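Visitor: Take a look and give me a structure for this.
(one chain, ligands or ions: 1)
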Amino acid sequence: MPTLILLRHGQSTWNLENRFTGWVDVDLTAEGEAQARQGGELIKAAGIHIDRAYTSVLIRAIRTGEIALEAAGQGDMPQIRDWRLNERHYGGLTGLNKAETAQKHGEDQVKIWRRSYDVPPPPLERGGQYDFHTDPLYAGVDIPDTESLKSTLDRVEPYWDAELAPHLRAGETVLISAHGNSLRAIIKLLFDVPDDAIVGVEIPNGNPLLIELDAALKPTAARYLDAARAQVLPAVK
Ligand SMILES: O=C(O)[C@@H](CO)OP(=O)(O)O
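Guide: Okay, the predicted model is just below:
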């Protein structure tokens, strides 16, 4: 049976500082490491054997996957990394404090930038502190200057189709250690969540989301392994 585990990275230093993070490569806090470990222990306790593991190119997701796999007793499993599983690119908001930005531009505007489906933040200026064009992680990649959830989904979906779906169709159990918005994009795709409803999906850090799929990769059941930290999920149709 195709099985997918979506694992949002543990708390990062910029989650703690309440800063728009996107593609900035910040590490986990000690609490984030503990969340990743607990996520792995829950995977082990559920008796789940992972066949294949994926992550983004960002250290907070890579380390979350490593720590979780180790705690799940599968520490020798390599993770396949791809930038298309990165967090949504936060454009010109990158690095700013979320509360200060809400004071400056208003709560409503910040909510639109954070949770609307297709309104991207202003683009990131070239040549500034957070210009990723010179980052070797993205050599040869035509990288964006900002992304909405929609444009995030536009680069996640081809990767899903080409790389992830074939292994799931073969009946494998696949772990994806990634980010709030790249995972939200996958949830939208799988559960066919309407554009205006995806705003309601909040994935807790380090809480593995177990999704069972049928042969056509439609979800048949979904639950967070840490029920005490579960959030509302879209209905299984
Ligand atoms: O800052 C970010 O990159 C994301 C995830 O932490 O934040 P948001 O909750 O606004 O999607």
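Visitor: list the buried ones in the longest helix belonging to the chain?
Guide: Longest helix in the chain by number of residues (criterion: DSSP state H): helix 30-45. Of all the residues in helix 30-45, those buried under the rule 16 or more other Cβ atoms under 10 Å are 32-33, 35-44. (C-beta placed from N, C-alpha, C; glycine too.)
Visitor: Which one of those is nearest to the ligand?
Guide: Set against the ligand, the nearest of those by Cβ to the nearest ligand atom is residue 32 (11.4 Å).
Visitor: Not counting residues beside it along the chain, what's closest to the closest one?
Guide: residue 10 (3.0 Å; Cβ to Cβ, 6 or more residues apart in numbering).
Visitor: Could you do residue 112 as well?
Guide: That would be residue 119: by Cβ to Cβ, 6+ apart, it lies 5.3 Å from residue 112.
Visitor: Report how many residues lie close to that neighbour.
Guide: Close neighbours of residue 119, defined as other Cβ atoms under 10 Å, add up to 13.
Visitor: Next up, phi/psi of it, please.
Guide: Main-chain dihedrals, residue 119, degrees, to the nearest 10: phi -100, psi 110.
Visitor: That one reaches residue 148, doesn't it?
Guide: Yes - using Cβ atoms under 8 Å, residue 119 is in contact with residue 148, at 5.8 Å.
Visitor: contacting residues around the residue nearest to residue 112?
Guide: 112-113, 148 (Cβ atoms under 8 Å, 6 or more residues apart in numbering).
Visitor: Roughly how far does the nearest residue to residue 178 once chain neighbours are set aside sit from residue 142?
Guide: Spatial nearest neighbour of residue 178, excluding adjacent residues (Cβ to Cβ, 6+ apart): residue 85 at 4.5 Å. For residue 85, the distance to residue 142 (Cβ to Cβ, to the nearest Å) stands at 17 Å.
Visitor: Give the buried residues for stretch 215-227.
Guide: Neighbour-count burial for stretch 215-227 flags 217, 219, 222, 224-226 (criterion: 16+ other Cβ under 10 Å).
Visitor: For the ligand, what is the nearest residue in this structure?
Guide: residue 21 (3.5 Å).
Visitor: In this model residue 94 seems to touch that residue, though I could be wrong.
Guide: Yes - Residue 21 lies in contact with residue 94 (Cβ under 8 Å); the separation is 7.5 Å.
Visitor: Let me see the ranges of the strands in the protein.
Guide: Using DSSP state E, the strands of the chain run over residues 3-8, 52-55, 79-81, 173-178, 209-213, 219-224.
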